[in-house]
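[1] pasting a predicted model and its sequence here:
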Amino acid sequence: MSGPLGAGKTLLAKSMPSILPRMSVDEALEVTKVYSVAGFIASRHTIDEKSAVSRPAPHN
C-alpha cells in the first residue's frame, strides 16, 4: 500500500485479519506450501488445524 502519512494504511493492514473470513483448511495448507517454498517456515515446524486457519499478520 502507498499513500500519505495518516491515510490509514497501517490501520487497514492491521484490521484485515478480522475483516476477512477464516481460511479453510485447504486454503491454509496452500498458503503454508507457498510460505514453505519461500523459506519462511522451518521444515521442523508442524501445523495443526487450529493454527492452519489463522492468517499471517501483515508486515511493512
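    All right, it came through fine. Numbers count the residues shown, from 1 in each chain.

[2] helix or strand right after the strand or helix carrying residue 17?
    Counting by DSSP states H and E, the element that carries residue 17 is helix 9-19. Following helix 9-19 in sequence order, the next helix or strand is helix 25-37 (DSSP H and E).

[3] name the helices or strands packed onto that next one?
    The contact analysis (3 or more C-beta pairs under 8 Å, 6 or more residues apart in numbering; DSSP states H and E) places helix 25-37 against helix 49-52. Every residue, glycine included, has its C-beta placed from N, CA and C.

[4] check which helix or strand covers residue 40.
    With elements taken from DSSP H and E, nothing contains residue 40; it lies in neither a helix nor a strand.

[5] burial of residue 39, as a residue count?
    8 (other C-beta atoms under 10 Å).

[6] got the contact list for it?
    Applying C-beta atoms under 8 Å, 6 or more residues apart in numbering to residue 39 gives no contacts.

[7] what about the helix holding residue 17, distance to the chain center?
    Mean-position distance between helix 9-19 and its chain equals 11 Å (C-alpha atoms, centre = their mean, to the nearest Å).
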